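Asker: After the sequence you'll find the predicted model.
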Amino acid sequence: MKDSEVTRPLDRLVLTAAAQRAVDEEAVARGVPHADLMESAGRSAAEWTFEHLNPTRVAVLAGPGGNGGDALVVARLLIERGVDTRTFLLSLPDRMTETARTMLERLEAVGGRPIPVEGGPCETVERALAWADCAVDGLLGSGATRPLEGRYLDVVKLLNGADVRVVSLDLPSGLASDAGRLLGEAVRADVTLAMAFLKPAHLLFPASERCGNVAVVDVAYPPALLEGVEPLARVPERAGIARWLPARRPDGHKGTFGRVLVVAGSVGMTGAAILCCRGALRAGAGLVTLAAPGSLDGILEAALPEVITIPLPDEGGRLRNVDDARFAAAFERADVLAIGPGLSRASGTAAAVRDLVAAFDGPIVLDADGIVAFAGHVDRLKDARRLLLTPHPGELGSLVGRSPEDVDADRITEARVFAVEHDVALLLKGRPSAIGLPNGRVWLNPTGNAGLATGGSGDVLTGLIAGFVAGGASLENAAILGAYVHGWAAEVFVRDRAERSLLPSDLIDLLPMVLREVETWR
């Protein structure tokens with residue numbers, strides 16, 4: 001791919017459990033004791049809990065490892081702040097790690113008297129959970145590799161059945177750190193405090209539903225160490241997203257803000273073309289031109305007064321070819337091509353799509369039927385100069401010969417491998433959307449909700465991305481920015497309306513307010 005390298009914004013790194021252990025080990029090798037790392041993590045968690053939840057009665061559940069040690073730090077610091085705190089140990093001290101035992105001694109030094117849970121259902125824990133207004137889950141964190149059993153399972157069931165706010169440290173106990181699938185029973189947290197880095201389970205479904213709201217808290221790693229960490233994926237932060245919004249010159253004109261050419265629509269699918277064009281306009285594109293089957297031109301002109309339309313030869317309301325002088329002129333002038341929404345999967349249309357992608361000399365956003373046009377012709381994707389594909393799992397599955405379920409099961413890997421192998425950018429839609437880049441990096445989009453799961457929302461996204469590219473964003477940055485803004489609009493919608501009622505046209509109507517809000521994040 002010839003496009004520029006993505007400029008790194010403020011972001012959060014997503015690490016596997018093994019990668020975070022490696023970071024811990026490297027920090028120790030650089031002279032930071034394990035106890036200092038644990039003290040730092042626990043202190044950050046305690047401060048977050050005290051400042052955001054203001055608890056008065058806290059039950060702390062501590063396991064034998066690092067997560068339990070963090071929990072013991074939290075218990076000690078809450079006691080020092082005057083919070084009534086009761087602590088329970090799921091392991092005898094002689095079975096705890098050395099660093100966790102150090103934290104136990106520090107807790108006891110300030111008057112904490114942890115209660116061992118020997119096994120089976122524990123009435124003392126159950127009574128404490130009924131008494132508390134906050135429970136801290138420090139049982140297993142990212143260490144779970146198999147379903148919970150024995151006293152851990154019993155205590156987690158008690159925790160899930162209690163009417164108490166639950167704060168999980170690093171990861172709700174019972175979840176596997178590196179996957180979205182559930183191993184079995186797991187804590188249902190109201191808040192999860194991720195230690196310095198996000199884990200895949202914080203973002204991938206259905207595991208992420210157990211995490212509640214996720215906040216990242218600091219751990220005292222050496223800054224130079226963090227600079228060298230290469231994550232599994234990245235998650236954009238608000239300030240970084242705002243930096244990617246294309247600048248708007250006060251003396252700009254329609255040429256300054258870019259020309260988008262949209263090739264979309266077919267009989268029965270004019271809405272896809274309309275939504276795509278309106279998305280591009282709302283993103284700030286200076287000029288949007290729509291090329292569509294000529295028999296649909298009356299509908300499209302009436303629906304899109306701000307858009308130039310080019311009626312193309314068609315057959316039964318489907319694009320047949322693009323041999324048209326007006327189209328050739330628009331094709332030559334366009335700064336970005338958005339192609340695919342609602343085009344149909346007719347063989348003649350698919351052939352025309354492949355030829356247009358090969359002929360266009362600028363960035364291309366390829367969506368929907370445009371993607372399926374390359375099923376059986378994946379090698380032709382390399383004909384494009386700069387290409388972003390925006391498939392859902394079914395569309396990507398048609399290119400790689402796998403089921404949507406298989407694609408969705410490991411969306412981070414699927415996005416990375418396809419992008420690298422075919423030298424393209426790829427936005428795999430879903431929750432979370434995964435944006436794979438040709439350099440091997442993957443970004444996960446944290447915004448959105450199930451209201452987006454309706455026909456037409458992807459067409460808005462295609463236009464939005466194309467509009468950002470026209471305004472000056474790189475293709476890759478526009479993909480990350482577009483996914484974030486698109487999802488944020490869905491979140492803004494549900495502030496005072498039912499998620500199930502969200503329409504793609506609602507997203508378009510919200511974009512002026514949403515983009516103004518994003519501008520304030522700078």
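Answerer: Cool, the structure landed.
Asker: give me phi/psi at residue 87?
Answerer: Backbone torsions of residue 87, given as degrees, to the nearest 10, read phi -120, psi 140.
Asker: my guess is it meets residue 110, correct?
Answerer: No: the pair residue 87 / residue 110 is not scored as a contact, 11.4 Å apart, by C-beta atoms under 8 Å. C-beta here means a position set from N, CA and C on the backbone, and glycine is covered the same way.
Asker: Can you show me the strands along the stretch 151-300 of the chain?
Answerer: Counting by DSSP state E, counting those that start in this stretch, the stretch 151-300 of the chain has strands at residues 165-169, 191-195, 213-217, 233-236, 259-263, 287-293.
Asker: ok, the spatially most central residue of the chain - contacts?
Answerer: Centroid-nearest residue in the chain: residue 445, 2.4 Å away (criterion: C-alpha atoms, centre = their mean). Residues in contact with residue 445 (C-beta atoms under 8 Å, 6 or more residues apart in numbering) are 235-236, 432-435, 480, 483-484, 487.
Asker: give me the low-pLDDT residue ranges for this structure?
Answerer: Residue ranges of the chain with pLDDT under 70: 1-10, 119-121, 143.
Asker: okay, now residue 166: neighbour count?
Answerer: Number of residues near residue 166 (other C-beta atoms under 10 Å) recorded here: 23.
Asker: from memory it sits against residue 192, does it?
Answerer: No: applying C-beta under 8 Å, one finds residue 166 not in contact with residue 192, separated by 9.2 Å.
Asker: list the residues that contact both of the two?
Answerer: With contacts taken as C-beta under 8 Å, 6+ apart, residue 166 and residue 192 have residue 212 as neighbours in common.
Asker: you'd agree residue 273 is up against residue 341?
Answerer: Yes: here residue 273 reaches residue 341: they are 6.1 Å apart, a contact under C-beta under 8 Å.
Asker: Determine the residues that are contacts of both of those two.
Answerer: Jointly contacting residue 273 and residue 341 under the rule C-beta under 8 Å, 6+ apart are 262, 264-265, 459.
Asker: and which of the residues you listed is nearest residue 132?
Answerer: For these, the minimum distance to residue 132 (C-beta to C-beta) is 48.5 Å, reached by residue 459.
Asker: Alpha carbons of the helix or strand hosting the closest one, as PDB, please.
Answerer: Per DSSP states H and E, residue 459 falls inside helix 457-470. Extracted in PDB, the C-alpha atoms of helix 457-470 (Å, rounded to 0.1, in the frame of the first residue of the first chain):
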ATOM      1  CA  SER A 457     -25.900   1.700   8.900                       C
ATOM      2  CA  GLY A 458     -22.800   0.400   7.000                       C
ATOM      3  CA  ASP A 459     -23.700   2.600   4.000                       C
ATOM      4  CA  VAL A 460     -23.500   5.600   6.300                       C
ATOM      5  CA  LEU A 461     -20.100   4.500   7.500                       C
ATOM      6  CA  THR A 462     -18.800   4.100   4.000                       C
ATOM      7  CA  GLY A 463     -19.800   7.600   3.100                       C
ATOM      8  CA  LEU A 464     -18.500   9.000   6.400                       C
ATOM      9  CA  ILE A 465     -15.000   7.400   5.800                       C
ATOM     10  CA  ALA A 466     -15.000   8.700   2.200                       C
ATOM     11  CA  GLY A 467     -15.900  12.200   3.300                       C
ATOM     12  CA  PHE A 468     -13.000  12.200   5.900                       C
ATOM     13  CA  VAL A 469     -10.600  11.100   3.200                       C
ATOM     14  CA  ALA A 470     -11.800  13.800   0.900                       C
END
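Asker: Now do that helix against strand 287-293: the angle between them, please.
Answerer: Computed by axes from the mean of the first three to the mean of the last three C-alpha atoms, to 10 degrees, the angle separating helix 457-470 from strand 287-293 equals 140 degrees.
Asker: ok, residue 87 and residue 110, which is more surrounded?
Answerer: Using other C-beta under 10 Å as the criterion, residue 87 and residue 110 rank with residue 87 on top: 26 against 11.
Asker: show me what contacts that one?
Answerer: By C-beta under 8 Å, 6+ apart, residue 87 lies in contact with 59-60, 62, 71-72, 75, 107, 112-115.
Asker: do the same with residue 506
Answerer: Contacts of residue 506 (C-beta under 8 Å, 6+ apart): residue 493.
Asker: just to revisit the earlier point, which one among the shared contacts of residue 273 and residue 341 gets closest to residue 96?
Answerer: residue 459 (55.3 Å).
Asker: so how many other residues sit close to the closest one?
Answerer: Residue 459 has 30 neighbouring residues, counting by other C-beta under 10 Å.
Asker: And it, how close does it get to residue 83?
Answerer: Using C-beta to C-beta, to the nearest Å, residue 459 is found at 51 Å from residue 83.
Asker: And for residue 273?
Answerer: Residue 273 sits at a distance of 59 Å from residue 83 (criterion: C-beta to C-beta).
Asker: Which one of the two is surrounded by more residues?
Answerer: Per other C-beta under 10 Å, whichever of residue 273 and residue 83 has more neighbours is residue 273, with 31 against 19.
Asker: Please name the nearest non-neighbouring residue to the more buried one.
Answerer: residue 265 (3.3 Å; C-beta to C-beta, 6 or more residues apart in numbering).
Asker: sorry, back to before: what's the closest of the shared contacts of residue 273 and residue 341 to residue 501?
Answerer: For the shared contacts of residue 273 and residue 341, the residue nearest residue 501 by C-beta to C-beta is residue 459; the value is 18.7 Å.
Asker: The closest one and residue 367 touch, don't they?
Answerer: Yes: counting by C-beta under 8 Å, residue 459 touches residue 367, with 7.3 Å between them.
Asker: helices and strands around the host helix or strand of residue 20, which ones?
Answerer: In the assignment (DSSP H and E), residue 20 maps to helix 17-29. Judged by 3 or more C-beta pairs under 8 Å, 6 or more residues apart in numbering; DSSP states H and E, the packing partners of helix 17-29 are helix 34-53, helix 223-227.
Asker: Those helices: which one's closest to residue 19?
Answerer: The closest of the helices and strands packed on helix 17-29 to residue 19 is helix 223-227. By C-beta to C-beta, the value is 12.3 Å.
Asker: picking that back up, mind giving me TSV with the helices and strands packed on helix 17-29 and columns for mean neighbour count?
Answerer: Conversion of the helices and strands packed on helix 17-29 to TSV gives the following (neighbours: other C-beta atoms under 10 Å):
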stretch	mean neighbour count
helix 34-53	20
helix 223-227	10
